[in-house]
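J.: A predicted structure for the sequence below; I have some questions about it.
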Amino acid sequence: MTQIVAASSRPITVGQVDVRRRRADHTSGKRGQWLRFLLIAVITAIVIVPIFTVFLLSLQPSLGSTSTAAFTLENFANVFSQTSVLTWLTNSLLVTVVTVVIAVVVAAPAGYVLSRARNKLVSGYSLILFVVQSLPVVTAVIPLFILFAQIGLVDNLVGVTIIYVGATMSVAIWMMAAYFDSIPITLEEAAWMDGASVFGSFTRVVLRNSLPGILSTAIFSFLLAWNDYLIAVVFLRSDGNYTLPVGLETFFQQNATNWGLVMAVAVVMMLPPVLLFAFLNRYFSVGGIGGSLAGK
Amino acid sequence: MTASTAERLNRARRGVGVSGHGPGAPAPRRKSVISARAWTLLAFALPSLLLLLLINLYPVIYAGIQSIRNGDLINAGDFVGFANYASVLSSPQFWSSAQFTLIFTISGVFGSWAVGLALALLLRTRIPAGNVFKVLLLLPWIVPVVVSATSWNFLVATPQSPIPILFTALGMPNVLFLASPVLAQVTVCIFKIWISFPFMMMMMASALASVDVNVYEAAKMDGASTWQTFRGVTLPIISRSTYISWILMTIFCVNDFPTIFLLTGGGPVNSTTSLVVLAYRTVFQNFQVGPGVAIAFLMTFVLVVISVVLYRQIRKVNVE
């Protein structure tokens, strides 16, 4: 009950802000804008404190350093020369890029089926996707560990990549389907008139017009594979095979007091997704998931 | 030639002439086209189906079998009936974990929704550099949990951390956020809200984007207050997206492992051990595969039942 009260008390404050704006629109529109600017700036500043902290600490001289400068890059130099962070970075990049490519290649045609075909089989398929999405990863991890141990895929980057692709499937398919829904079917019908097959019209007409949808799916798969900790910590067992999440966590356990070094590794780990979003965020949309989940 | 006009029109629409198919007319190809299309679509769906079977369905079935045996990570073990379930269901830790999972999920879903919706509403208004804030506010969701958990650890874990020092400076007692069971639970829940609100913000922003501005103008004309407009216009329009985002977030919260495990490890005194963390520790730290899988399988069972019911519900809401 308290949660519901808390939930509904939030929008009231927003409402008040809105009132101020509406009135301000008539009298002093600029002032209302800057008040809201101030409000959102303060909220944003508080929200990103933990992220700002990571950058700040990584640039400060660490324990036992002889440097007197306020900011230094020596943590990064030390981390790259003394630890396997370069190997972890390479492993993470490899696993993530392969996951993204396979996820898009497999999810795009499946999303097309979900978007264009309407029958009992497709509804059943859609239900399977939804149920699968709600399964706890930890349930899948234990049997997969036993299976992969028998076929030599434990402590193996191929093993985790396969699981990541499987884990991205439901959402990736929904995202692709949501995008295909926005492409008018008349385009394909025109192609069929010209004698194109379903496959031909899919690759030449639909996919060619789906770059934003593909990018959205790719970004989602990237985040999932790059950020995963549970699967990596269970399946990757040796330092040379660690991806960054396990590498960082292990390094943190061993050097918990040397924050400069730990945060340098953390910066290496968070830069790729942050940069990816900085450039591609306008392509990323989660709104469509809801649409395709509800069958429009 | 006694066909009525309506009948003739009907024939024309079907592409059949007044005299039916003439001898030279091409045979109807519809059937073969459909089956070729069906085969292509099946081929389109097949790879994803195989992946889902291998990575998701096979393990669930295996877990079901493993939960009624006394095996370990290498041997399948012997059939023990429901002994694992009995031992799990009779352990107090299971029930306190279930309770924490419930608290964590409810606060995670509604907390992140409230914050996300409030920010989505605020960011919809005209604000200088609004787009910059939109991207900056997504950071908690984009940054890997391992990184943010490390940072939160630095900020709150020990009495010498910045946030406890700030609390002392403000005249409050020195707070040990991760050392007292209740405070650790609160901290983990806030951490989860901090990670999840950007997702809710995106969901709500895209739902709000579909609201016609004229609706607001009309409400304003009728003299509705801002609160009335929110209750009467905004909420009903975004209700379906809200419902779907609650369902997705419930699933994300119940299944969440790293947020809890990386911040507290499940402690202190197991106060933040959710069911997923309990299952993980039972299998990979205590090496009791049977009971661990039984916990996971109980969760799976409850989640599948809930998700099938909710899925039906979404489709029903959609039809209305």
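T.: That came through, no problem.

J.: Pull the number of nearby residues for the spatially closest residue to A:Leu114 that is not a sequence neighbour.
T.: Distance criterion CB to CB, 6 or more residues apart in numbering or on different chains; nearest residue to A:Leu114, sequence neighbours excluded, is A:Ala177 at 4.0 Å. All C-beta atoms are positioned from the backbone trio N, CA, C, and that covers glycine. Look at A:Ala177: counted by other CB atoms under 10 Å in any protein chain shown, it has 28 neighbours.

J.: ok, A:Ala177 - contacts?
T.: Applying CB atoms under 8 Å, 6 or more residues apart in numbering or on different chains to A:Ala177 gives the contacts A:Gly111, A:Tyr112, A:Leu114, A:Ser115, A:Ser292.

J.: Can you list which of those residues are found in helices?
T.: Residues of those located in helices (DSSP state H): A:Gly111, A:Tyr112, A:Leu114, A:Ser115, A:Ser292.

J.: Tell me the pLDDT of A:Phe52.
T.: What the model reports as pLDDT for A:Phe52 is 93.

J.: From chain A, how far off is B:Asn255?
T.: According to CB to the nearest CB, to the nearest Å, B:Asn255 and chain A sit 4 Å apart.

J.: which ones are touching that residue?
T.: Residues near B:Asn255 by CB under 8 Å, 6+ apart: A:Ser134, A:Leu135, A:Pro136, A:Val137, A:Val138, B:Val276, B:Leu303.

J.: picking up where we left off before, for B:Leu53, state which of the ones in helices among the contacts of A:Ala177 is nearest.
T.: Taking CB to CB as the measure, B:Leu53 lies nearest A:Leu114 of the ones in helices among the contacts of A:Ala177, at 17.2 Å.

J.: how close does the closest one get to B:Phe297?
T.: Distance, A:Leu114 to B:Phe297, by CB to CB, to the nearest Å: 29 Å.

J.: Tell me which of those two has more neighbours.
T.: A:Leu114 (28 against 24).

J.: Flag every buried residue along stretch B:163-171.
T.: B:Ile163, B:Pro164, B:Phe167 (16 or more other CB atoms under 10 Å in any protein chain shown).

J.: gap between it and the chain center?
T.: Stretch B:163-171 has its C-alpha centroid displaced from the chain centroid by 36 Å (CA atoms, centre = their mean, to the nearest Å).

J.: Are stretch B:183-200 and chain A in contact anywhere?
T.: Yes: residues of stretch B:183-200 contacting chain A under CB under 8 Å from any CB of the partner chain: B:Trp194, B:Phe199.

J.: low-scoring stretches of chain A, by residue?
T.: Within chain A, the stretches with pLDDT under 70 are A:1-28, A:63-68, A:287-296.

J.: In terms of residue numbering, what are the domains of it?
T.: Domain assignment for chain A by automatic domain parsing gives A:2-78, A:84-293.

J.: Mind picking the two most distant members of the ones in helices among the contacts of A:Ala177?
T.: A:Tyr112 and A:Ser292 (11.8 Å).

J.: So between the two, which is more surrounded?
T.: A side-by-side neighbour count of A:Tyr112 and A:Ser292, using other CB under 10 Å, places A:Tyr112 first with 26 against 22.

J.: give me every residue that touches the more buried one.
T.: A:Met176, A:Ala177, A:Phe180, A:Phe202, A:Val206, B:Leu41, B:Phe44.

J.: Nearest to chain B among the ones in helices among the contacts of A:Ala177?
T.: Nearest to chain B out of the ones in helices among the contacts of A:Ala177 is A:Tyr112 (CB to the nearest CB; 5.8 Å).

J.: Return the set of buried residues in stretch B:63-83.
T.: Using 16+ other CB under 10 Å as the test for burial, stretch B:63-83 gives B:Ala63, B:Gly64, B:Gln66, B:Ser67, B:Ile68, B:Arg69, B:Asn70, B:Gly71, B:Val80.

J.: what mean pLDDT does that stretch have?
T.: 81.

J.: Next, name the residue at the spatial heart of the chain.
T.: As the question left the chain open, I've gone with chain A. The centroid of chain A falls nearest to A:Leu223 when counting by CA atoms, centre = their mean (2.5 Å).

J.: Chain B was what I was after
T.: B:Leu248 (2.4 Å).

J.: How about whichever residue of the stretch 101-250 of chain A sits closest to chain B: what's its closest non-neighbour residue?
T.: Per CB to the nearest CB, A:Gly166 is where the stretch 101-250 of chain A lies closest to chain B, at 2.7 Å. In space, and not counting its chain neighbours, A:Gly166 is closest to B:Ile55: 2.7 Å by CB to CB, 6+ apart.

J.: Which of the contacts of A:Tyr112 sits closest to B:Val156?
T.: Nearest member of the contacts of A:Tyr112 to B:Val156, counting by CB to CB, is A:Met176, at 40.0 Å.

J.: Okay, and the closest one sits in which element?
T.: Using DSSP states H and E, A:Met176 maps to helix A:157-181.

J.: Identify each buried residue in that helix, please.
T.: By 16+ other CB under 10 Å, the buried positions in helix A:157-181 come out as A:157, A:159-181.

J.: which SS state does the residue nearest to A:Gly166 fall under?
T.: Secondary structure, DSSP: H, G, I helix; E, B strand; the rest coil: B:Ile55 is helix.

J.: quick one, what contacts it?
T.: By CB under 8 Å, 6+ apart, B:Ile55 lies in contact with A:Ala140, A:Leu144, A:Ile162, A:Ile163, A:Val165, A:Gly166, A:Ala167, A:Met169.

J.: The last one reaches B:Leu52, doesn't it?
T.: Think A:Met169. Yes: with contact defined as CB atoms under 8 Å, A:Met169 counts as touching B:Leu52 (5.9 Å).
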